[in-house]
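[1] here are the coordinates; sequence isn't available:
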Ligand SMILES: [Fe+2]
């Protein structure tokens with residue numbers, strides 16, 4: 001994912017904009033938090049107006065949604081604050097509506113936001129990973145660090161989603177009042193997070209309050225941390241997360257790369273040597289995933305999204321398409337190219 005480093009950013013500082021992308025119904029407003037200009041993948045704060053109505057339908061990209069305020073009627077069930085949706089590409093939701101309005105955080109993981117009206121799943125959709133749970137009520141906090149080395153005591157987690165193929169994960173996390181961690185960290189993967197409530201402080205980027213957000217590419221130093229009154233947040237990674245801890249506030253991303261590679265050479269010398277000496281300047285094949293292990297499970301809809309919420313549609317090579325568009329799915333874009 002090629003999103004730029006965005007940190008810190010606070011969505012309270014910017015106004016909502018009207019979402020006018022093809023297919024979507026009226027009554028959706030958004031704040032763009034981060035955007036991959038190559039794929040259209042993005043994270044947005046989204047407001048559904050009171051009275052919003054949407055027929056059954058699916059997205060051509062996998063998406064996740066956390067309902068932060070209000071209620072959403074999804075089919076015959078009412079989803080409340082804390083509802084977390086994991087919706088694979090092509091899996092349809094029943095009709096969605098809200099009488100009082102709703103505020104949500106929405107992650108389109110591999111492609112631009114899209115909505116195709118349909119009362120059935122796409123032929124190539126995989127419904128087995130679909131879920132709607134209430135992240136606040138249905139799960140217990142994991143109070144022990146899940147990784148070695150792990151975060152300091154007082155940072156608790158609820159696991160929401162895990163991609164076994166890539167190691168990408170989504171989790172709710174909290175810091176208890178008085179939390180602190182006195183080392184510096186970086187990872188081999190990108191990290192993003194949004195503060196649902198509360199303020200934490202970080203040495204490099206200062207205070208991150210309610211509505212605070214970051215998309216942080218790999219190998220960027222972050223920490224030390226503290227939070228006086230505690231926080232509630234949702235976080236995501238785009239790959240397997242290892243905590244590289246250290247105490248050098250001046251190390252660069254290049255030096256952090258070197259240190260990570262040195263660890264790989266120590267711990268998996270045969271793999272390191274094979275990669276380094278076989279002129280592997282291409283992505284290695286994976287016989288278990290013969291298509292392409294790095295391929296995103298999303299259909300390239302040809303919608304090119306701009307940061308201001310407008311979009312246009314154009315022909316693509318289809319190089320990373322998995323789902324094929326349905327007949328009649330070529331909705332005319334409403335916005336200007
Ligand atoms: Fe981190």
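    Thanks, I have the structure now. Computed from a predicted structure; not experimentally measured.
[2] verify the assumption that residue 273 is located in a helix.
    Yes: counting by DSSP: H, G, I helix; E, B strand; the rest coil, residue 273 is found in a helix.
[3] tell me the contacts of the spatially most central residue of the chain?
    Central residue of the chain (Cα atoms, centre = their mean): residue 107, 4.6 Å from the mean position. Residue 107 is in contact with 42-43, 63-65, 170, 236, counting by Cβ atoms under 8 Å, 6 or more residues apart in numbering. No exception for glycine: its C-beta is placed from N, CA and C like everyone else's.
[4] what does the chain have sitting close to the ion?
    Contacts of the chain with the ion, taken as Cβ under 5 Å from the ion, map to 185, 191.
[5] for the chain, name the helix or strand with the lowest mean pLDDT.
    Using mean pLDDT, DSSP states H and E, the weakest-scoring helix or strand in the chain turns out to be strand 303-305, at a mean of 60.
[6] residue 261: how many residues sit nearby?
    When counting by other Cβ atoms under 10 Å, one arrives at 14 neighbours for residue 261.
[7] same check on residue 138?
    Residue neighbour count, defined by other Cβ under 10 Å, stands at 12 for residue 138.
[8] any regions of the stretch 151-300 of the chain where pLDDT drops low?
    279-282, 289-300 (pLDDT under 70).
[9] the particular helix or strand that has residue 159 in it packs against which elements?
    Here residue 159 sits within strand 155-162, counting by DSSP states H and E. Secondary-structure packing of strand 155-162 (3 or more Cβ pairs under 8 Å, 6 or more residues apart in numbering; DSSP states H and E): strand 83-87, strand 169-175.
[10] can you lay out these as JSON lines showing distance to residue 226 and mean neighbour count?
    Shown next, in JSON lines, are the helices and strands packed on strand 155-162 (distance: least, Cβ to Cβ, whole Å; neighbours: other Cβ atoms under 10 Å):
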{"stretch": "strand 83-87", "distance to residue 226": "27", "mean neighbour count": "22"}
{"stretch": "strand 169-175", "distance to residue 226": "8", "mean neighbour count": "21"}
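[11] which of these sits closest to residue 130?
    Residue 130 lies closest to strand 83-87 among the helices and strands packed on strand 155-162, at 6.0 Å (Cβ to Cβ).
[12] also compute the angle for that closest one relative to strand 155-162, please.
    Strand 83-87 runs at 30 degrees relative to strand 155-162, counting by axes from the mean of the first three to the mean of the last three Cα atoms, to 10 degrees.
[13] what angle sits between strand 83-87 and strand 169-175?
    160 degrees.
[14] in the sheet, which strands lie alongside whichever helix or strand comes after strand 83-87, parallel or antiparallel?
    Moving toward the C-terminus from strand 83-87, the next helix or strand (DSSP H and E) is strand 96-97. As defined by DSSP bridges, the strand partners of strand 96-97 come to strand 53-54 (antiparallel), strand 72-74 (antiparallel).
[15] what's the mean pLDDT across the last one?
    Meaning strand 72-74. Across strand 72-74, pLDDT averages out at 98.
[16] what's in contact with that strand?
    Contacts for strand 72-74 (Cβ under 8 Å, 6+ apart): 48, 78-79, 83, 93-99, 102, 104, 132.
[17] which one of those residues is nearest to the ion?
    Closest approach to the ion among the contacts of strand 72-74 (Cβ to the ion): residue 104, at 24.0 Å.
[18] so which bits of the longest helix seen in the chain are buried?
    Criterion DSSP state H: the longest helix present in the chain is helix 253-267. For helix 253-267, the neighbour count (16 or more other Cβ atoms under 10 Å) marks 256, 260 as buried.
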